[in-house]
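# here are the coordinates; sequence isn't available:
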């Protein structure tokens, strides 16, 4: 059967909250929040409810807490047949937990001198083996026997323990990356394999004695034969292969991590990979014929902190999923079958014909079967770090408030009678009124779904939120009594009967935002002569324009602003034109239309600061504008100082009486069609002095030509040509027949003055 690659965020493509319809929505439109995917439901909190890859909610198999542990951190877990061993942190204790007739009992088997127990293994006779760290040993505790140290690997960390089926114990260590075999009868040890990677993190064994080993540092999945020769089956993108377990029909499963939650700090230097692996008791050279090179700066740190069980290992530059689940078939071929974008996989177990996957950061237990990853349990604790075989499904252990749990019954016989899904709070972006809530799926006699909801103004539900509405078992329930709010949270209670469960495929909530005023962020007047036109504007169309083609208004425009899409304009220059440009947005994403008006500054001052009555001195320039700019012929206005007003309205997307407007008034705009004039001109020998003045605008250019020669700049008395009145001085020989002074002001008005006649020097 061909397997297709899946990802837990497959489902990120199906947005957690889907809005009905397409495109932008408006305040007056009824909108729909729709949760109908695995990602959407997983964003909330599920209690005794499972959700499969297709986003179908069902009652989950019931699980009960078997025991709580007094130790805060649980690092390793193993066992079967109702008795389990747990390795803890900080105190180095190994605990025995019973799930049989004396379920719930917890006994301390022993406490190692070292503080952390990262590896435990229990054989078929109930003998417990535990590896302590740092600088620890492998301890053995027989039933009703003494504790003894059976092996000292002289390594910083002991990560993995596994029986080899032939009277031996396999021990994976770090940071030397060594795999040892200890003969449990004689106590003799053999260095079976010396990896070029830092840590041997996980182990599994085929029936023929072939081993699988997962490393940390480079994240390699290795196959090691009985002679200690290794080959790499898979080089993971992440730096760590944490767990390997046997599966169906000779297959194995593994998980690769790139997680901040790994026990191993991989920020230190890797071991050299230039050499090969090694095996044997007396030499660290062999296998592939190379040798491993040790580094003096190999340091690995493992810490247990109050809020987390480990240190970070994800490289800052790493990009990719947090965890990846792999399948190894009988030939050794490796396939990635699932990727978790946000979950760290801590443990795997194959039971009841499916793969069980234990994760942190939010304590979720998944099962994988038929290419589907199904959430089976969601704990309050942050991490599920251990899995072992139980009679009705896996027994699983959590850390940070450590506890052990087990499933009750088997299959549908063990279904929870009730379960709840509490959604992540939904954000309407602004205050909204809520219409109804409904669910889609299947139910039946004695099987139902009860919906309720609450609202508030804070992103996290607190005491300021409303209470939950009365639970309704109808397919659709009104929310009209729910107080308006920005946020809403819904809750669905699934109620089963015996071996029957309801199935929920979608939950929908309708709402409508309360309208909010548009916002005009900016209004600016571009420099005189600057115009904006659509990018497809053809200037030749304006070659024979009538003086005033707009029969409704006096203002002539260039191009058709209504045909302009946002941002698709270009800048041109046209004498006598002015351009207004603004930026506006609507908090409800309503479509906006604009009205443009103008008024004389003097008229506004006479009417008062607010412009007097509703219109006062304001006169309309244009209405129902779509574009956010307006270029017009300003020569229709007499010289003077004006202000322009832009009004934005959301009337298109709101019913009558609910539409809102915003306005913005420009800075004072000088309209100037008059050029500068000559006030006086005098000659002193070969130098001419002229006083010039402009009524409205500062001067920008002053040049002189003698006898129709080239234009040359004239000297400004104060050094800057920037005022409306300036004194100019320039050399001009006596007897010049033509002396021309050309002046340009900031409004691009140009005049040429014949100084020859003024000075009496022309002929």
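Right, received. Where do you want to start? Since we're looking at a predicted model, the values are computed, not measured. Numbering: from 1, shown residues only.
# quick one: the helices in this protein?
38-42, 601-607, 755-759 (DSSP state H).
# among these, which is nearest residue 205?
Taking Cβ to Cβ, helix 38-42 is the member of those nearest to residue 205, at 34.1 Å. Yep, even glycine has a C-beta here, placed from its N, CA and C like the rest.
# name the helices or strands packed onto the closest one?
If contacts are counted by 3 or more Cβ pairs under 8 Å, 6 or more residues apart in numbering; DSSP states H and E, helix 38-42 sits against strand 49-51, strand 372-378.
# and it, how far out from the chain middle?
Here the centre of helix 38-42 is set off from its chain's centre by 16 Å, with Cα atoms, centre = their mean, to the nearest Å.
# need the helix or strand of the protein with the lowest average pLDDT.
Across the helices and strands of the chain, the lowest-confidence element by mean pLDDT, DSSP states H and E is strand 285-286, at a mean of 30.
# follow-up on the earlier one: and the helices and strands packed on helix 38-42, which is most packed in?
strand 49-51 (a mean of 26; mean count of other Cβ atoms under 10 Å).
# mind giving me the packing neighbours of that strand?
Applying 3+ Cβ pairs under 8 Å, 6+ apart, one finds that strand 49-51 contacts helix 38-42, strand 57-59, strand 372-378, strand 418-422.
# among the ones you listed, which comes closest to residue 753?
Comparing those by their distance to residue 753 (Cβ to Cβ), the top pick is helix 38-42, with 76.7 Å.
# now the closest one: mean pLDDT?
Mean pLDDT, taken over the full extent of helix 38-42, equals 92.
# can you offset everything so residue one is 2?
Sure thing, new numbering starts at 2, so read that last one as helix 39-43.
# in it, what's buried?
Using 16 or more other Cβ atoms under 10 Å as the burial criterion, the residues of helix 39-43 that qualify are 39-43.
# please apply the same query to stretch 596-603.
596-601.
# please apply the same query to stretch 528-539.
Under the neighbour-count rule (16+ other Cβ under 10 Å), stretch 528-539 has 529-535, 538 buried.
# what's the farthest-apart pair in those residues?
Pairwise distances across the buried residues of stretch 528-539 peak at 21.3 Å for 529 and 535 (criterion: Cβ to Cβ).
# ok, now which ones touch residue 206?
Listed by Cβ atoms under 8 Å, 6 or more residues apart in numbering, the contact partners of residue 206 are 163, 165-166, 171, 212-213.
# swap the cut-off to 7 Å and go again
Going by Cβ atoms under 7 Å, 6 or more residues apart in numbering, residue 206 touches 163, 165-166, 212.
# which of those are buried?
Under a neighbour-count criterion of 16+ other Cβ under 10 Å, the subset of the contacts of residue 206 counted as buried comprises 163, 165, 212.
# which one, of the helices and strands packed on helix 39-43, ends up nearest to residue 202?
Taking Cβ to Cβ, strand 373-379 is the member of those nearest to residue 202, at 22.9 Å.
# show the average pLDDT along the closest one.
Averaged over strand 373-379, pLDDT sits at 89.
# what helices and strands are in contact with it?
Packing partners of strand 373-379 (3 or more Cβ pairs under 7 Å, 6 or more residues apart in numbering; DSSP states H and E): strand 46-48, strand 50-52, strand 365-370.
# pretty sure residue 337 sits against residue 322.
No - the pair formed by residue 337 and residue 322 falls short of the contact definition of Cβ atoms under 7 Å, at 9.4 Å.
# which one's more surrounded, these two?
Using other Cβ atoms under 10 Å, the more surrounded residue of residue 337 and residue 322 is residue 322, with 22 against 18.
# for the closest residue to the more buried one other than its chain neighbours, report the pLDDT, please.
Nearest residue to residue 322 in three dimensions, chain neighbours excluded: residue 340, at 3.9 Å (Cβ to Cβ, 6 or more residues apart in numbering). According to the prediction, residue 340 has pLDDT 92.
# what about residue 340, how many neighbours?
21.
# again with residue 71
Under the neighbour criterion other Cβ under 10 Å, residue 71 is assigned a count of 11.
# against residue 702, how distant is residue 745?
4 Å (Cβ to Cβ, to the nearest Å).
# of the two, give the one with the bigger neighbour count.
The neighbour count for residue 745 versus residue 702, taken as other Cβ under 10 Å, is higher for residue 745 (19 against 15).
# check contacts around that one.
Residues near residue 745 by Cβ under 7 Å, 6+ apart: 701-702, 751.
# so which of the helices and strands packed on helix 39-43 is nearest residue 452?
Judged by Cβ to Cβ, the one of these that comes nearest to residue 452 is strand 50-52, at 13.9 Å.
# next one: that closest one to chain centre, how far?
Between the centre of strand 50-52 and the centre of its chain there are 25 Å (Cα atoms, centre = their mean).
# can you count the residues close to the closest residue to residue 404 other than its chain neighbours?
The shortest distance from residue 404 to any residue that is not its chain neighbour, by Cβ to Cβ, 6+ apart, is 4.8 Å, and that residue is residue 69. By the other Cβ under 10 Å criterion, the neighbourhood of residue 69 contains 13 residues.
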